[in-house]
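Trainee: using only what follows, build the 3D model:
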Amino acid sequence: MDGQIIRAEYSDIMQKSFIDYAMSVIISRALPDVRDGLKPVQRRVLYDMYELGIRYDRPYRKSARIVGDTMGKYHPHGDSSIYEALVVLAQDFKKGMALVDGHGNFGSIEGDGAAAMRYTEARLQKVTQEAFLADLDKDVVDFVPNFDETEKEPSVLPVRIPNLLVNGSDGIAVGMVTSIPPHNLGEVIDAVKALIRNSKLTTRDLMKYIKGPDFPTGGIVVNEAELAQIYETGQGKIRLRGRVEVEQVKGGRERLVITEIPYTMMGANIGKFLNDVAALVETKKTTDIVDISNQSSKMGIRIVLELKRGADVERLKNLLYKKTRLEDTFSVNMLAVAEGRPETLSLRQLLEHHVQFQLDVNGRKYRNMLEKEEKKREVQEGLIYACDIIDLIIEILRGSRSREQVKECLVHGVTDGIRFKTAKSKKDASKLHFTEPQANAILDMRLYKLIGLEIDVLMKEHEETVRNIAKYQDILNNYDSMANVIIKELDHYKKEFSRPRRTALENAGEIVLEEQQVEEMPVVFLMNRFGYVRTIDEAVYERNKEAADAEHRFVLHCRNTDRVCIFTDTGKAHLLKLLDVPYGKFRDKGTPLDNLCNYDSNAENFVAVMALNDIRDTVLTFVTRQSMLKQVEGSEFDVISKRTIAATKLQDGDTVLAVHAASEQAHIVLASEAGFFLRFPVASIPVKKKTAVGVRGMKLSGQDTVEAVYWIEKDGDTEVKIGEKTLQLNRLRIGSRDSKGTKQR
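Mentor: A predicted model of the protein is given here:
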């Protein structure tokens with residue numbers, strides 16, 4: 001077979017392929033549909049459970065069975081994504097209204113994962129069955145082929161409540177993210193009813209019914225005034241606080257009890273909150289807390305902070321809100337798939353889409369029901385008329401040779417070949433004009449239907465059918481009638497499934513936390529060669545001076561309110577507040593530097609540690625292994641807004657070897673790996689900005705690098721060992737910067 005070469009621009013192919021991939025992720029995986037508020041995997045899980053008959057009033061079935069059936073029929077993207085979706089649908093602490101009834105370990109609010117799918121069981125919730133999956137047999141939504149075109153699945157579920165608002169949604173697509181908070185079912189239903197009755201309502205009008213988000217974890221929304229703007233634009237930030245109660249205990253002491261947490265604090269963040277509170281105590285940000293315990297259970301959240309007598313409760317509350325995730329931000333981006341494309345929607349637009357979807361679903365439902373009733377009426381009218389002329393019907397049946405001959409007579413009045421008792425019967429038979437369905441019903445009719453009571457039942461059924469037809473026609477042709485039907489359903493769901501609001505709404509100002517004045521005192525900063533740091537009292541240091549100097553690489557005398565500057569070989573400077581460094585006993589292990597600042601022990605090594613107060617009025621000399629030198633004013637490192645800054649610029653492959661605060665009268669000695677030594681005045685090194693590379697200090701040949709740096713102060717006497725030889729540095733000839741030096745070994 002001859003092939004055809006198609007020439008195309010590579011960038012065009014890549015662009016088209018990426019757009020196709022992105023749209024597939026957006027539409028088919030990550031974002032919910034505005035009509036039913038479900039992502040494809042959630043929709044497929046619920047529909048599969050419906051098909052398997054796992055109803056709310058039937059026994060639970062293994063989750064593995066549900067996952068396997070869903071993967072085999074509808075969602076070929078792996079079992080883990082399906083089971084994760086099933087688990088989330090069953091977690092009432094994540095959803096405003098759980099859609100799956102889980103049996104077994106489905107995880108906890110504290111971040112514990114669900115058990116394996118082979119151990120857990122599930123079935124549909126009653127609300128899911130009634131409000132999400134009802135009427136699927138009435139052709140109310142379109143069905144599309146599955147991935148291998150062996151099954152049919154609904155393109156959307158006929159959800160009767162605004163699920164996207166009630167349960168919210170979150171997801172990350174390609175280049176976009178959705179984050180919709182959950183809301184109260186009763187409030188959302190009231191808003192839908194109001195919009196059905198008056199389509200001109202604005203977002204602010206609808207907020208008379210939907211006050212704000214209603215998170216399953218409770219808590220307090222503290223920026224209620226900003227909600228109108230958030231719902232108008234579909235984007236914004238909601239500030240959430242946990243609920244803190246004060247309990248009195250024996251001895252006149254008090255305890256703080258956290259009974260509700262921000263929605264964003266679920267999972268591992270509860271453990272992080274406990275660690276953050278412990279850190280506040282360790283760093284002496286507060287001395288009012290004497291014990292922390294997490295007493296949460298299935299009954300709810302209960303985190304207890306025991307306080308010392310006379311504790312400032314209000315300040316402690318503010319400290320927790322300011323310094324921990326007890327006050328957090330929920331970012332809102334109401335992005336959903338509307339009419340086949342992703343769109344950021346306002347509150348009104350979300351509800352409008354839902355109302356239109358309800359009109360479409362109910363329109364299809366009642367059109368199908370009307371069609372069935374009209375077919376039923378047609379048959380009933382045929383049977384009633386046939387009962388009136390039953391003698392003629394029997395005569396036709398007895399005189400005919402086949403079913404087709406009888407049917408032709410009933411439908412078209414064809415009497416050829418049929419034996420009649422009288423000419424009048426034949427004439428009457430020729431006038432018959434039953435429809436095809438009526439003729440089939442007459443031929444299938446049983447003799448007991450001719451009993452008088454049965455005929456009365458048939459008449460009553462016909463009357464009921466006529467009333468239904470009139471009712472359905474009224475619903476389809478009259479907007480008010482359709483609206484009343486939808487509102488009646490919504491009232492039922494509200495009465496059956498709504499619950500009181502959990503999240504309170506209020507306007508609270510920004511937390512203003514007055515920092516307690518720290519008592520300033522002298523301390524000694526200790527840092528060992530492994531990067532563990534701590535501070536101790538000066539008197540403790542003096543008693544253990546010999547051991548402290550021997551065991552620690554850096555020992556700095558400073559004040560507890562100072563900051564230290566940690567220079568690393570990668571050219572960075574990390575600024576560390578001593579108030580953040582643990583203060584304790586001499587034999588305490590200390591805390592790794594990684595935990596206190598942005599220092600990364602796997603990627604960098606410290607070369608110098610200095611107290612910021614000591615270097616603020618000095619000039620620091622930087623030396624690198626490639627012999628690049630410069631001096632930088634110490635004040636350049638006194639930066640308040642950042643914890644990590646660039647201390648110097650490095651050439652490719654270069655590292656910082658030393659940082660030192662030398663006097664102008666001092667001399668510097670550079671020693672290379674090849675054994676060359678060069679001595680010259682520090683004053684010959686130019687002063688530059690911290691972002692500069694510097695100047696060359698020593699000419700290096702080949703792969704030679706600077707191995708060591710020595711400093712000679714005025715009248716100083718420095719000896720260094722070079723193999724078996726002792727070298728007096730102050731006796732070295734004074735050279736000039738950017739020369740080779742003399743070989744000493």
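Trainee: CA only for contacts and neighbour counts going forward, please
Mentor: Fine.
Trainee: what stretches of the stretch 551-700 of the chain score poorly on pLDDT?
Mentor: By pLDDT under 70, the stretch 551-700 of the chain contains no weakly predicted segment.
Trainee: okay, strands next: where are they in the stretch 501-650 of the chain?
Mentor: In the stretch 501-650 of the chain, the segments counted as strands under DSSP state E, counting those that start in this stretch are 504-505, 522-527, 532-537, 554-559, 563-568, 572-577, 591-592, 606-611, 619-624, 628-633, 644-646.
Trainee: same check, this time on the stretch 301-450 of the chain
Mentor: With DSSP E, counting those that start in this stretch, the ranges of strands along the stretch 301-450 of the chain come out as 303-307, 327-333, 335-338, 341-344.
Trainee: what packs against the last one?
Mentor: Okay, so that is strand 341-344. strand 335-338 (3 or more CA pairs under 8 Å, 6 or more residues apart in numbering; DSSP states H and E).
Trainee: repeat that for the longest one.
Mentor: With contacts defined as 3+ CA pairs under 8 Å, 6+ apart, the packing partners of strand 327-333 are strand 177-180, strand 235-241.
Trainee: neighbouring strands - and their directions - for the last one?
Mentor: When you say that, I think you mean strand 235-241. strand 220-221 (antiparallel), strand 327-333 (antiparallel) (DSSP bridges).
Trainee: and of the ones you listed, who's closest to Q235?
Mentor: strand 327-333 (4.6 Å; CA to CA).
Trainee: run through who's touching that closest one.
Mentor: Contact with strand 327-333 is made by 177-181, 230, 234-242, 262, 264-265, 320-321, 344, as judged by CA atoms under 8 Å, 6 or more residues apart in numbering.
Trainee: how about stretch 281-292?
Mentor: Under the criterion CA under 8 Å, 6+ apart, residues 274, 278, 280, 303-308, 311-312, 316, 516, 579-583 lie in contact with stretch 281-292.
Trainee: taking these, please make a ChimeraX selection of just the buried ones.
Mentor: Those of the contacts of stretch 281-292 that count as buried under 16 or more other CA atoms under 10 Å are selected in ChimeraX with:
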select :274,278,280,303,304,305,306,307,308,311,316,579,580,581,582,583
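Trainee: which ones among the contacts of stretch 281-292 map onto helices?
Mentor: Per DSSP state H, helices hold the following members of the contacts of stretch 281-292: L274, A278, L280, L316.
Trainee: chain neighbours aside, what residue packs nearest to the third one?
Mentor: Going back to what we said before, that points to L280. Nearest-residue entry for L280: T286, 6.1 Å, with adjacent residues in sequence omitted and distances by CA to CA, 6 or more residues apart in numbering.
Trainee: equivalent analysis for V693, please.
Mentor: Counting by CA to CA, 6+ apart, the residue nearest V693 is K649, at 4.8 Å.
Trainee: for the stretch 401-550 of the chain, give me the ranges with low pLDDT.
Mentor: By pLDDT under 70, the low-scoring segments of the stretch 401-550 of the chain are 447-450, 452-453, 511-518.
Trainee: rerun that using 80 as the cut-off
Mentor: Applying pLDDT under 80 to the stretch 401-550 of the chain picks out residues 446-455, 509-519.
Trainee: which residue ranges of it form helices?
Mentor: Along the stretch 401-550 of the chain, counting by DSSP state H, counting those that start in this stretch, helices occupy 403-412, 423-430, 436-444, 452-477, 479-497, 538-543, 545-551.
Trainee: next one: the fifth one to chain centre, how far?
Mentor: Helix 479-497 has its C-alpha centroid displaced from the chain centroid by 33 Å (CA atoms, centre = their mean, to the nearest Å).
Trainee: tilt between that helix and helix 452-477?
Mentor: On the basis of axes from the mean of the first three to the mean of the last three CA atoms, to 10 degrees, helix 479-497 is oriented at 100 degrees to helix 452-477.
Trainee: what's helix 479-497 in contact with?
Mentor: Contact with helix 479-497 is made by 127, 131, 160-161, 185-186, 189, 193, 196-197, 358-359, 362, 474-476, as judged by CA under 8 Å, 6+ apart.
Trainee: and it, what's buried?
Mentor: S481, M482, A483, I486, I487, L490, Y493, K494.
Trainee: kindly report the same for the first one.
Mentor: Residues Q405, V406, K407, E408, C409, L410, V411, H412 are the ones in helix 403-412 that count as buried (16+ other CA under 10 Å).
Trainee: then that helix to PDB, C-alphas only?
Mentor: These are the backbone C-alpha positions of helix 403-412, laid out as PDB (Å, rounded to 0.1, in the frame of the first residue of the first chain):
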ATOM      1  CA  ARG A 403     -55.900 -12.900  12.200                       C
ATOM      2  CA  GLU A 404     -54.800 -10.800   9.300                       C
ATOM      3  CA  GLN A 405     -58.200 -11.000   7.700                       C
ATOM      4  CA  VAL A 406     -59.900  -9.900  10.900                       C
ATOM      5  CA  LYS A 407     -57.400  -7.000  11.300                       C
ATOM      6  CA  GLU A 408     -58.000  -5.800   7.700                       C
ATOM      7  CA  CYS A 409     -61.700  -5.700   8.400                       C
ATOM      8  CA  LEU A 410     -61.300  -3.900  11.700                       C
ATOM      9  CA  VAL A 411     -58.900  -1.300  10.300                       C
ATOM     10  CA  HIS A 412     -60.000  -0.800   6.700                       C
END
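Trainee: and that helix, what does it pack against?
Mentor: Against helix 403-412 (3+ CA pairs under 8 Å, 6+ apart) you get helix 423-430, helix 436-444.
Trainee: report the buried residues of the last one.
Mentor: Translated: helix 436-444. For helix 436-444, by 16+ other CA under 10 Å, it's E436, Q438, A439, N440, A441, I442, L443.
Trainee: so what touches that helix?
Mentor: Residues outside helix 436-444 that contact it (CA under 8 Å, 6+ apart): E378, V379, Q380, E381, G382, L383, A386, R403, K407, L410, V411.
Trainee: and which of the residues you listed is nearest M459?
Mentor: Proximity of the contacts of helix 436-444 to M459 was ranked by CA to CA; the top entry is Q380 with 8.1 Å.
Trainee: what about the closest residue to the closest one other than its chain neighbours, distance to I393?
Mentor: Distances taken as CA to CA, 6+ apart put H462 closest to Q380, at 6.1 Å, once the chain neighbours are dropped. Distance, H462 to I393, by CA to CA, to the nearest Å: 21 Å.
Trainee: go on, H353?
Mentor: 55 Å.
Trainee: what do you get for L133?
Mentor: L133 is 46 Å from I393, by CA to CA.
Trainee: more neighbours: which of those two?
Mentor: Between L133 and I393, counted using other CA atoms under 10 Å, the more crowded position is I393 (20 against 17).
Trainee: and the more buried one, how close does it get to K421?
Mentor: 12 Å.
Trainee: next: G531.
Mentor: Distance, G531 to K421, by CA to CA: 118 Å.
Trainee: out of those two, which sits in the busier spot?
Mentor: G531 (19 against 10).
Trainee: show me the contacts for the most centrally placed residue in the chain.
Mentor: Centroid-nearest residue in the chain: D170, 5.1 Å away (criterion: CA atoms, centre = their mean). Applying CA under 8 Å, 6+ apart to D170 gives the contacts L31, V177, T178, S179, I180.
Trainee: before I go, just wanted to say thanks for your time.
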